[in-house]
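Trainee: I would like to see how this sequence folds:
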Amino acid sequence: MKALVTGGSGFLGNALVRGLLARGAEVRSFCRNDHAELRQLGVRQLRGDLADAPAVAAAVAGCDIVFHVAAKAGVWGPYEEYHRANVIGTENVIAACRRHGVSRLVYTSSPSVVFDGKDMAGMDESAPYPARFVAHYSKSKALAEQKIKAACNGRLATVALRPHLIWGPGDNHLLPRLAARATAGQLCRIGTQEKLIDTIYIDNAVSAHLLAADRLEPGSPVAGKAYFISQGEPVEVWTMINRLLQAAGAPPVDRSLPASLAMVLAWGFEIIHRLRRAPGEPRLTRFAVRELSSSHWFNINAAKRDLGYAPVVPTEEGLRRLREHFESRGRALQATLP
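Mentor: You can find the predicted model right below:
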């Protein structure tokens, strides 16, 4: 099998590349830059921007399947940047698959595509897209997911997966940011109520993508659908955050802040950030407050039924592996503030 992974240098993309290589697949990656780790794995790297249609088409040419993982993530920045990467980029991937006769396209979406700022407790795939999105990322990913589903036909089979809070060894986004802020004393529990969330260990996220690929073909039951995937065991948000921090050797979060006050502070941080035209993200955003003070867990029965998905690594085992990952390096996670 000849597979293209967009964003093969990212956390999920890199793990997926390794999973495909272990299966004996011929893998290529489409990224903006060259990466030594992928080069050492023997992965062919094609460089370019998702919004560059000819570059995307050149990367797709000759492939049997495409895993579209790359996206602009985060909670801050102009909508145009999110639209360019996530919507136009996805349109280009779809067009390239059609042009070169690729019959399978697996898309990495997000549960945030149905997030309206309120609790999501036990939701399944029947949950509608909200009338108003609370972040540019959510809106752009929802638009892209809709295009993925609409593109499914008798020649191109598509499927979207919605992993929630991927974690594990190799994480270059979620845990480093949390650990850096915890170490700097900049993290507080938001809200007083216990809120449950879903997470997914990296190996389980990869497994779900490979299972989807195995069952995906034009006319198959999974074609044109979206699926929530997770550990299947909701956990209290701050308990999980502290367990991740402990595994990384970072201090726990033991201070708390009412959600209403956190929202006011986030508003202020956003205003100051805009006035200063500062790079990066504000110290706290309203989207982050909503995320950390609401429930996010999902019914994954559809993925179990249609994809044959089941977590291969339980949460406790994943935490043990994460702890050993850092212990093997002889020091706690060191990260700089964004």
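
Trainee: low-confidence stretches in the protein?
Mentor: 330-338 (pLDDT under 70).

Trainee: how about the helices in it?
Mentor: All helices of the chain, identified by DSSP state H, fall at 11-22, 36-40, 53-60, 79-82, 89-99, 136-150, 174-183, 202-215, 237-248, 259-276, 286-292, 301-307, 315-327.

Trainee: so how far is the second one off the chain centroid?
Mentor: I take that to be helix 36-40. 22 Å (C-alpha atoms, centre = their mean, to the nearest Å).

Trainee: what helices or strands is that helix leaning on?
Mentor: Under the contact definition 3 or more C-beta pairs under 8 Å, 6 or more residues apart in numbering; DSSP states H and E, helix 36-40 sits against helix 11-22. C-beta: built from backbone N, CA, C; applies to glycine.

Trainee: can you mark which positions in the helix it packs on are buried?
Mentor: If you call a residue buried by 16 or more other C-beta atoms under 10 Å, then helix 11-22 has these buried ones: 11-20.

Trainee: which one of these is nearest to V69?
Mentor: Of all the buried residues of helix 11-22, V69 sits closest to G13, with 4.4 Å by C-beta to C-beta.

Trainee: returning to what we had before: redo the helices of the chain as JSON lines? Include distance to L196.
Mentor: Below are the helices of the chain laid out as JSON lines (distance: least, C-beta to C-beta, whole Å):
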{"stretch": "helix 11-22", "distance to L196": "23"}
{"stretch": "helix 36-40", "distance to L196": "35"}
{"stretch": "helix 53-60", "distance to L196": "38"}
{"stretch": "helix 79-82", "distance to L196": "28"}
{"stretch": "helix 89-99", "distance to L196": "31"}
{"stretch": "helix 136-150", "distance to L196": "20"}
{"stretch": "helix 174-183", "distance to L196": "18"}
{"stretch": "helix 202-215", "distance to L196": "18"}
{"stretch": "helix 237-248", "distance to L196": "7"}
{"stretch": "helix 259-276", "distance to L196": "16"}
{"stretch": "helix 286-292", "distance to L196": "12"}
{"stretch": "helix 301-307", "distance to L196": "17"}
{"stretch": "helix 315-327", "distance to L196": "13"}
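
Trainee: closest to T192 out of those?
Mentor: Nearest of these to T192, taken as C-beta to C-beta: helix 259-276 at 7.8 Å.

Trainee: how about the closest one as PDB, C-alpha atoms only?
Mentor: Extracted as PDB, the C-alpha positions of helix 259-276 are listed here (Å, rounded to 0.1, in the frame of the first residue of the first chain):
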ATOM      1  CA  ALA A 259     -15.400  30.000  36.000                       C
ATOM      2  CA  SER A 260     -17.100  33.400  35.900                       C
ATOM      3  CA  LEU A 261     -13.900  35.100  37.100                       C
ATOM      4  CA  ALA A 262     -11.800  33.100  34.700                       C
ATOM      5  CA  MET A 263     -14.000  34.300  31.800                       C
ATOM      6  CA  VAL A 264     -13.500  37.900  32.800                       C
ATOM      7  CA  LEU A 265      -9.800  37.500  33.100                       C
ATOM      8  CA  ALA A 266      -9.700  35.700  29.700                       C
ATOM      9  CA  TRP A 267     -11.500  38.600  28.100                       C
ATOM     10  CA  GLY A 268      -9.000  41.000  29.600                       C
ATOM     11  CA  PHE A 269      -6.000  38.900  28.500                       C
ATOM     12  CA  GLU A 270      -7.400  38.800  25.000                       C
ATOM     13  CA  ILE A 271      -7.900  42.600  24.800                       C
ATOM     14  CA  ILE A 272      -4.400  43.300  26.100                       C
ATOM     15  CA  HIS A 273      -2.900  40.800  23.700                       C
ATOM     16  CA  ARG A 274      -4.600  42.500  20.700                       C
ATOM     17  CA  LEU A 275      -3.600  45.900  21.800                       C
ATOM     18  CA  ARG A 276       0.000  44.900  22.200                       C
END
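
Trainee: returning to that earlier point: do you know which of the helices of the chain lies nearest V69?
Mentor: Ranking those by proximity to V69 (C-beta to C-beta) places helix 11-22 first, at 4.4 Å.
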